[in-house]
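**Student:** Just need the structure, nothing else, for what follows:
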Amino acid sequence: MPTLLSTQSENTSRPNIPENFLELLRETWGFDSLRESQVSAISSILEGRDTLVVMPTGGGKSLCYQAPAIFRGGMTIVVSPLLALMKDQVDSLKQVGVNAIRIDSTLTASEKREAAAQIRSGAVRLLFVSPERLANPEFIRFLEGNDIHTIAIDEAHCVSQWGHDFRPEYRQLSSLRSHFPNAAMHALTATATEKVRNDIIDQLQLRTPRVLVSSFDRPNLTYRVLPQSDAAEQIREVCERHRGSGGIVYCLRRNDVEIIAEFLKKKGFSVIAYHAGMSHEERKQAQEAFINESVDVAVATVAFGMGIDRSNVRYVVHASIPKSIEHYQQETGRAGRDGLPAECVLLHSAGDVMTLKKITEGSLKEANAPEEIIASSRNQIEEMSRYCRTPVCRHRALVEYFGQSYPSDSCGACDICLGETDEIPDAKVIAQKILSCVFRVQERFGVNHVVDVLLGAKTQNVTQRGHDQLSTYGLMREHPKSQVRDWIYQLVGQGALDLDGSEYPILKLNPQSKSILFGDGQPRLIRTATKAKEKKQASTSEAATYSDSGLFEKLRVLRKRLAQEQNVPPFVVFSDSVLIEMSAYRPSTLENMLNVSGIGNAKRNSYGQAFLDTILEHCNAHSLAMDFDWKSKAGINGARSTAPTAIRSSATGTKNVTLPLLRQGRSVAEIATKAGVSPSTVHSHLVDLLSEEAVASIDPWVTTEVQQNVIAAANIVGRERLKPIFEHLNGAVGYETIRLVIAFEKQQSASAES
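**Tutor:** The predicted model follows:
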């Protein structure tokens with residue numbers, strides 16, 4: 001994680017995080033630092049002050065209420081909208097040694113009784129429940145009898161009717177204030193405009209809350225917006241770029257889901273489909289397959305994703321336009337939650353915009369939604385369409401939509417800034433041709449007809465109306481039809497043309513149109529570049545530069561096996577970012593494993609030995625250095641090895657125990673037990689001893705016969721690498737023993753020469 005930072009938040013003094021809180025962070029989650037936004041949020045929550053936290057997906061939002069709950073004691077209620085999301089969070093917390101539970105409809109009667117007993121005992125730190133359960137008076141009465149000092153409402157945008165995912169049951173949470181008047185209340189969400197934030201505060205009755213809004217920018221995401229041509233093939237190209245990695249493809253209609261899923265399967269991708277037409281059990285199985293990394297690609301309607309906590313989704317494709325920029329921000333936010341680079345591709349078409357408007361307005365009218373909500377929904381779709389059509393930096397457009405400023409002239413991570421589009425030098429002339437054609441057809445026709453006239457099409461509509469006699473007929477026949485259509489929509493997106501009407505929209509001129517036609521108005525038009533600039537990689541992990549890819553893949557396989565054994569998703573064991581850093585640093589001992597960001601004591605104890613054995617075997621086989629200080633190479637300060645010795649036992653401290661026992665000739669197993677370390681650590685210390693001191697014999701640890709077999713094999717296959725020796729001996733002698741014998745032989749040769 002980034003270096004610990006302080007911040008000036010709204011109307012607050014300098015946030016202060018206690019040192020013993022940071023120690024808890026190191027021991028439990030394996031983090032030495034916090035992001036600037038987390039510092040502000042955690043400081044406010046530790047003070048017990050009502051807080052509204054808006055933090056993008058992947059920003060570490062959950063930690064903001066989980067860590068204070070453990071630090072302060074007592075119980076924190078966490079309101080979460082989906083059972084799958086609650087289960088993943090509880091599983092993850094248990095993995096790091098936190099007593100968290102959930103109460104939901106999937107628990108048996110005996111499990112519910114056990115959960116109630118734990119709550120009464122005061123042992124539970126985090127209780128996850130749905131908003132529907134908190135509407136149950138009997139359950140509320142039960143909770144009122146316990147020490148509840150904090151209520152955290154996750155996905156808080158669901159409270160607001162102006163949010164992108166309003167849920168009526170979230171409105172009922174306003175009653176929590178009367179039931180728990182002394183509890184601090186914290187609302188957390190990844191996406192909320194100022195209007196939504198104000199509604200959240202009003203509905204939840206937050207008391208003089210501290211409002212903390214992080215940057216909405218996701219620098220590790222690369223955004224691309226493309227006119228839809230051959231959607232299936234365009235989607236396949238994205239999937240091909242990331243073959244073997246997790247991805248989500250969002251479609252507007254169920255039929256689209258099935259068609260695209262079948263197409264990708266035929267192209268050799270492992271795919272699941274997900275939509276409302278499937279049974280509950282089918283959807284559950286599909287979601288679990290994706291979360292557990294049994295399949296790579298999920299093709300789904302937007303109902304899929306809110307409960308997906310998979311951190312290593314490397315791409316999200318929208319096969320059609322989302323309902324709003326808030327939806328787009330939320331849905332693309334499911335990519336790259338681990339902070340590593342990910343790609344977001346949006347395919348847009350005028351037809352999909354019209355279809356989406358019809359579907360959305362129809363469902364809202366069916367639900368008897370107020371006219372202002374219907375109008376708001378219509379405007380949100382228009383804003384999303386303008387985002388697609390307006391040729392400005394995608395990162396800048398998203399950030400500015402949410403009322404923030406973007407600090408750079410170029411993001412280096414979107415189609416516009418990467419030079420994947422060309423700006424048209426004669427944009428004004430092209431715009432004038434289009435606008436003139438709209439004028440000549442008397443502003444009575446839609447996009448398709450205007451395109452046909454401009455291209456000189458001999459359709460019945462054109463010829464019957466005499467539009468083949470207009471001065472603008474065939475004026476743009478040298479351009480592709482899709483390009484002319486896209487330019488028209490770019491002009492609409494820039495406000496230089498209006499689309500009037502919902503069912504059969506027609507093009508209308510406006511004052512900006514006339515400024516371009518007769519004045520100094522200057523539009524900006526783009527087209528797909530014939531040759532894009534070399535792609536600049538989005539924000540990435542420095543560890544990835546030094547990571548050993550072969551080792552990383554072995555660690556992924558191991559992670560998946562361990563996850564299957566425990567029936568948890570792989571990311572619950574370790575995230576990809578942890579595996580990348582592990583494969584860069586390559587710890588040689590269990591103690592040194594704690595130097596990897598994201599590994600705390602509980603996970604080290606649960607999984608450390610299995611991962612250490614894999615790392616040791618790989619490094620021996622490929623003669624790779626271990627405990628590699630990649631952070632110094634990358635110029636990163638604050639390596640994990642500088643953590644306090646009370647939190648991290650140093651290798652030197654362990655050697656003070658093991659080396660005297662090794663000199664006495666004690667067995668590896670006995671020394672490991674006495675020193676409280678793994679046998680691998682003892683072997684590593686023994687090799688270090690051989691390089692530093694003269695040792696007469698290694699007979700206490702390796703039999704004479706095994707020593708002779710190893711030397712004989714080395715004489716045949718060489719000593720440069722250990723793997724050939726291991727294979728020559730048919731795996732009968734382990735890498736650690738081979739390494740020890742070769743080290744001892746080297747010491748003896750050096751002694752003989754001197």
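**Student:** where does the stretch 51-200 of the chain have low pLDDT?
**Tutor:** 163-164 (pLDDT under 70).
**Student:** Which stretches in it count as strands?
**Tutor:** Assigned strands in the stretch 51-200 of the chain, in chain order: 51-54, 75-79, 100-102, 126-129, 148-153, 184-189 (criterion: DSSP state E, counting those that start in this stretch).
**Student:** How about the stretch 401-550 of the chain?
**Tutor:** Read by DSSP E, counting those that start in this stretch, the stretch 401-550 of the chain holds these strands, from start to end of the chain: 421-423, 498-500, 506-508, 526-528.
**Student:** Let me have the ones you listed in a markdown table, adding mean pLDDT, distance to Arg477 and mean neighbour count as columns.
**Tutor:** Every C-beta, even on glycine, is put in place using the N, C-alpha and C of the backbone. Shown next, in a markdown table, are these (pLDDT from 0 to 100; distance: least, Cβ to Cβ, whole Å; neighbours: other Cβ atoms under 10 Å):
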| stretch | mean pLDDT | distance to Arg477 | mean neighbour count |
| --- | --- | --- | --- |
| strand 421-423 | 80 | 20 | 16 |
| strand 498-500 | 82 | 24 | 17 |
| strand 506-508 | 92 | 19 | 19 |
| strand 526-528 | 78 | 16 | 18 |
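**Student:** for the ones you listed, which one sits closest to Asn592?
**Tutor:** strand 421-423 (47.7 Å; Cβ to Cβ).
**Student:** For the stretch 401-550 of the chain, just list every one of the helices.
**Tutor:** For the stretch 401-550 of the chain, the helices defined by DSSP state H, counting those that start in this stretch cover 427-440, 447-455, 460-464, 481-493, 511-518, 542-546, 549-566.
**Student:** Select, out of those, the one closest to Phe611.
**Tutor:** Between Phe611 and the helices of the stretch 401-550 of the chain, the shortest gap by Cβ to Cβ is with helix 549-566, which sits at 6.4 Å.
**Student:** Quick one: name whatever helix or strand follows the closest one.
**Tutor:** Scanning forward in sequence from helix 549-566, with DSSP states H and E defining helices and strands, the next element found is helix 570-573.
**Student:** mind saving the C-alpha coords of that following helix as PDB?
**Tutor:** Output for helix 570-573, consisting of C-alpha atoms alone and laid out as PDB, is shown next (Å, rounded to 0.1, in the frame of the first residue of the first chain):
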ATOM      1  CA  PRO A 570      -9.200 -17.700  -4.100                       C
ATOM      2  CA  PHE A 571      -8.900 -14.000  -3.300                       C
ATOM      3  CA  VAL A 572      -9.900 -14.700   0.300                       C
ATOM      4  CA  VAL A 573      -6.600 -16.600   0.700                       C
END
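**Student:** Any idea how far it is from the middle of the chain?
**Tutor:** In terms of Cα atoms, centre = their mean, to the nearest Å, the centre of helix 570-573 is found 14 Å from the chain centre.
**Student:** Which other helices and strands does the very next helix or strand once past that helix contact?
**Tutor:** Reading on from helix 570-573 to the C-terminus, the next helix or strand found by DSSP H and E is helix 576-585. Contact partners of helix 576-585 among helices and strands, from 3 or more Cβ pairs under 8 Å, 6 or more residues apart in numbering; DSSP states H and E: helix 542-546, helix 549-566, helix 601-622.
**Student:** Turn the ones you listed into a markdown table, including distance to Val453, mean neighbour count and mean pLDDT.
**Tutor:** Supplementary listing: these in a markdown table, determined by distance: least, Cβ to Cβ, whole Å; neighbours: other Cβ atoms under 10 Å; pLDDT from 0 to 100:
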| stretch | distance to Val453 | mean neighbour count | mean pLDDT |
| --- | --- | --- | --- |
| helix 542-546 | 52 | 18 | 74 |
| helix 549-566 | 55 | 16 | 90 |
| helix 601-622 | 66 | 19 | 90 |
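**Student:** For Arg586, find the nearest of those helices.
**Tutor:** Between Arg586 and the helices and strands packed on helix 576-585, the shortest gap by Cβ to Cβ is with helix 601-622, which sits at 5.4 Å.
**Student:** contact partners of the closest one?
**Tutor:** Taking Cβ atoms under 8 Å, 6 or more residues apart in numbering as the criterion, the residues outside helix 601-622 that touch it are 27-28, 30, 95-97, 548, 550-551, 554-555, 558, 562, 573-574, 582-583, 586-590, 593-594, 599, 624-626, 678, 680, 721-723, 726, 735-736, 738-739.
**Student:** Go ahead and build a PyMOL selection from the buried members of these.
**Tutor:** Only the buried entries of the contacts of helix 601-622 go into this PyMOL selection, using 16 or more other Cβ atoms under 10 Å:
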select buried, resi 27+28+30+95+96+548+551+554+555+558+562+573+574+582+583+586+587+588+589+590+593+594+599+626+678+680+722+723+726+735+736+738+739
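**Student:** Turn the strands of the stretch 401-550 of the chain into a markdown table, columns for distance to Gly59.
**Tutor:** Output for the strands of the stretch 401-550 of the chain, formatted as a markdown table (distance: least, Cβ to Cβ, whole Å):
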| stretch | distance to Gly59 |
| --- | --- |
| strand 421-423 | 29 |
| strand 498-500 | 37 |
| strand 506-508 | 42 |
| strand 526-528 | 31 |
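**Student:** Going by neighbour count, which residues of the helix or strand hosting Glu23 are buried?
**Tutor:** Assigned by DSSP H and E, Glu23 falls within helix 19-29. Of the residues in helix 19-29, those scored as buried under the neighbour-count criterion (16+ other Cβ under 10 Å) are 21-22, 24-29.
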